[in-house]
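Asks: predicted structure and sequence below. I'll ask about it afterward.
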Amino acid sequence: MIYTVTLNPAIDRELQVTELELHKVMRANSSEMNYGGKGINISRGLAAIGVKSIALGFVGGSTGEMLTQEMSKLDVLTDFVRISGETRTNFSVVDKNRTQFIKVNEPGPIIHAQECHQLITKIRKLARPGDLWALCGSIPSGLPDSIYADIIQEIQSLGGKALLDTSGPALLHGCNTNLFLVKLNALEASTIAGSKVDSTEDALNAASSVLQTGVKHVIITQGRKGALLSNQEGTWIAVAPSITKRNDVGAGDAVMTGIIYGLSCDLSWPDILRWGVACGTAAASIEGTTIGSFTLAKQILPTVKINTY
């Protein structure tokens, strides 16, 4: 089974303006609303592919109820913990050509100890050997920086495989748990490696540093440059095809969706990476805060080049 855990889900609201201008009142030409948070986005993406998953996390208030109802409409199974706070709303403003955007994320509600305990108990009851668990996104107030590490240890002690996509102290804690897989962008990779990750050589060195922490599989995304996957079996770099980028908000979540899809199909590591980059590229080429098109990802897939290092 595949599970996603989103500790800080959100309603994502996008406003489109003619031109993005600072220090001026801008008038929206159109608006779009989606329901997500990183793990939620992955569950939505998997549902679009036809792959079943269960989304866990915290939801509260009217926005939390809206999110839960929308997931049901999208055939996404959920098992959320209801909290006393209100699920956050995130805002994006993009220009008409989708070449510039501003994204502002609310911090999210305060999670109380009893609510955290309920989630850990759910995870402990659900975890089974071989299950894939995607733990993604920011940590809301009230939870310790070690929360993902704590969840990873629970999952992996029961034979599950944890995949982590977060940042900051939570990322550092999570990478010290013999983690199955971590997905990083260049900035996150540089945090662990202790040096900038700009070039391919930088990414290779950073991946080596991450593997030394005990992480089994490392993915580093580099935008238009593609992505790297490294483990004890080898290292591969996927070169993304050239596209007209419409909006890269959520493209990283689409990469993780493709990775999980590849893992669920028991593909080879190069093909898993290829699927991740194809899904991420598809998402970046579509307007809005959508999760990308699986049909488009399949069209892009043959154009993703894999180099072995």
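Replies: Okay, I see it. None of these values were measured; they are calculated from a predicted model.
Asks: how about the residue nearest to the spatial centre of the chain, phi and psi?
Replies: What sits nearest the mean C-alpha location of the chain, by CA atoms, centre = their mean, is residue 253, with 3.5 Å. Backbone torsions for residue 253, taken as degrees, to the nearest 10, come to phi -70, psi -40.
Asks: heads up, I number from 4, so please use that
Replies: Let's use 4 as the start, then, which means that last one is residue 256.
Asks: which non-adjacent residue is nearest it?
Replies: Using CB to CB, 6 or more residues apart in numbering and skipping the chain neighbours, the partner closest in space to residue 256 is residue 44 (3.8 Å). Bear in mind the C-beta positions are built from the backbone N, C-alpha and C, glycine included.
Asks: any idea of the mean pLDDT for the longest helix along the chain?
Replies: Once the chain is assigned using DSSP state H, the helix that runs over the most residues is helix 272-287. What helix 272-287 shows for mean pLDDT is 94.
Asks: do the same with stretch 304-312
Replies: Mean pLDDT, computed over stretch 304-312, is 95.
Asks: tell me where the protein has helices.
Replies: 41-52, 64-76, 116-129, 150-160, 171-177, 189-196, 203-214, 254-267, 272-287, 297-303.
Asks: lowest-confidence stretch among those?
Replies: Between the helices of the chain, the one with the least mean pLDDT is helix 297-303; it has a mean of 89.
Asks: against which helices or strands is that one packed?
Replies: In terms of contacts (3 or more CB pairs under 8 Å, 6 or more residues apart in numbering; DSSP states H and E), helix 297-303 is packed against helix 41-52, helix 272-287.
Asks: the last one: how far from the chain's middle?
Replies: With CA atoms, centre = their mean, to the nearest Å as the basis, the distance from the averaged C-alpha position of helix 272-287 to the chain average is 13 Å.
Asks: and what of the first one?
Replies: Distance of helix 41-52 from the chain centroid (CA atoms, centre = their mean) equals 9 Å.
Asks: run the angle between that helix and helix 64-76 for me.
Replies: 20 degrees (axes from the mean of the first three to the mean of the last three CA atoms, to 10 degrees).
Asks: and the last one, by the same measure?
Replies: Here helix 272-287 runs at 120 degrees with respect to helix 64-76, directions being taken by the same axes, to 10 degrees.
Asks: can I get helix 272-287 in CSV? Just the C-alpha atoms.
Replies: Below are the C-alpha coordinates for helix 272-287, written out as CSV (Å, rounded to 0.1, in the frame of the first residue of the first chain):
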residue,chain,number,x,y,z
TRP,A,272,16.3,2.8,-10.8
PRO,A,273,17.0,4.5,-14.1
ASP,A,274,13.4,4.1,-15.2
ILE,A,275,12.1,5.2,-11.8
LEU,A,276,14.2,8.4,-12.2
ARG,A,277,12.9,8.8,-15.8
TRP,A,278,9.3,8.7,-14.6
GLY,A,279,10.0,11.2,-11.9
VAL,A,280,11.5,13.7,-14.3
ALA,A,281,8.8,13.1,-16.9
CYS,A,282,6.0,13.8,-14.4
GLY,A,283,7.8,16.9,-13.0
THR,A,284,8.3,18.2,-16.6
ALA,A,285,4.7,17.7,-17.4
ALA,A,286,3.6,19.6,-14.3
ALA,A,287,5.9,22.5,-15.0
